[in-house]
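Asker: quick one, structure for this:
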Amino acid sequence: MSRIGKRPIAIPDGVKVNVSGRTVTAEGPKGRLSMELRPEVDVSVDEDASELTVTPRDDGRDTKSYHGMTRSLLANIVEGVTNGFTRQLEVYGVGYGVQLQGRKLSVTAGCSHPLIFDVPEGLEVTVDVAQARGDEQPARFTISGVDKQAVGEFAADIRKTRPPEPYKGKGIRYAGEQVRRKVGKAFAGTGAA
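Answerer: Predicted coordinates:
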């Protein structure tokens, strides 16, 4: 049995979880999410204890890994409909910035044109209005939503367009991310005669 998979998932007040066939649906104050179950696992809801339990169908190696993965995904669904997920990104560099225009996010990050991203359905983007100019204060924006995978994927898509470079640290990075800095080339001596 998977150590992660055998732990029950607590269902908070205000969240309703329904299992119908191979589909698990959770509905809470932040929204509604559903998930299709793999055939290797079963899910049961204990209304009295307010718990969700994942049980494997056999002791196979693949079943053990699906057991833990399913439990983690269901825990993320319950957490998402209860509190939601957020991911904050920072844009470092002189002249680099970010703007939100309706459902389009415009990122200026050293390209000849601004990078335009369509904000997916179910996600919200907020831009920090007090953006300072210069390298010291980065432009910040936050991606929030109910689905952890959608929030993380959209943040990763934006970050990979201009990852932070190691010499000056310019680029798009997650808030709190440490960038390993390198020392530039050292020129040996003065000019020869």
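
Asker: all helices of the protein, in order?
Answerer: 61-82, 148-159 (DSSP state H).

Asker: show me the one of those helices that comes nearest residue 104.
Answerer: helix 148-159 (12.4 Å; C-beta to C-beta). Just so you know, the C-beta spots here come from the backbone N, C-alpha and C atoms, and that holds for glycine as well.

Asker: tell me which residues of the closest one come out buried.
Answerer: 148, 150-151, 154-155, 158-159 (16 or more other C-beta atoms under 10 Å).

Asker: so can I have JSON lines of the helices of the chain showing distance to residue 36 and mean pLDDT?
Answerer: Output for the helices of the chain, formatted as JSON lines (distance: least, C-beta to C-beta, whole Å; pLDDT from 0 to 100):
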{"stretch": "helix 61-82", "distance to residue 36": "10", "mean pLDDT": "92"}
{"stretch": "helix 148-159", "distance to residue 36": "14", "mean pLDDT": "95"}
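
Asker: out of the ones you listed, flag the one nearest residue 168.
Answerer: Taking C-beta to C-beta, helix 148-159 is the member of the helices of the chain nearest to residue 168, at 17.0 Å.

Asker: okay if I get the buried residues of helix 148-159 as CSV plus distance to residue 73?
Answerer: Below are the buried residues of helix 148-159 laid out as CSV (distance: C-beta to C-beta, whole Å):
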residue, distance to residue 73
148, 9
150, 13
151, 14
154, 18
155, 19
158, 24
159, 23
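
Asker: quick revisit: any chance of the helices of the chain in TSV, plus distance to residue 186?
Answerer: Shown next, in TSV, are the helices of the chain (distance: least, C-beta to C-beta, whole Å):
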stretch	distance to residue 186
helix 61-82	48
helix 148-159	31
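
Asker: which non-adjacent residue is nearest residue 107?
Answerer: Counting by C-beta to C-beta, 6 or more residues apart in numbering, residue 115 is the residue found nearest to residue 107 once chain neighbours are left out, at 4.6 Å.

Asker: right, and the one you found touches residue 99 too?
Answerer: No - using C-beta atoms under 8 Å as the test, residue 115 is too far from residue 99 to be in contact (11.1 Å).

Asker: so who does the residue nearest to residue 100 when sequence neighbours are not counted touch?
Answerer: Leaving out its chain neighbours, the residue that sits closest to residue 100 by C-beta to C-beta, 6+ apart is residue 127, at 4.9 Å. The neighbours of residue 127, taking C-beta atoms under 8 Å, 6 or more residues apart in numbering as the test, are 98-100, 139-141.
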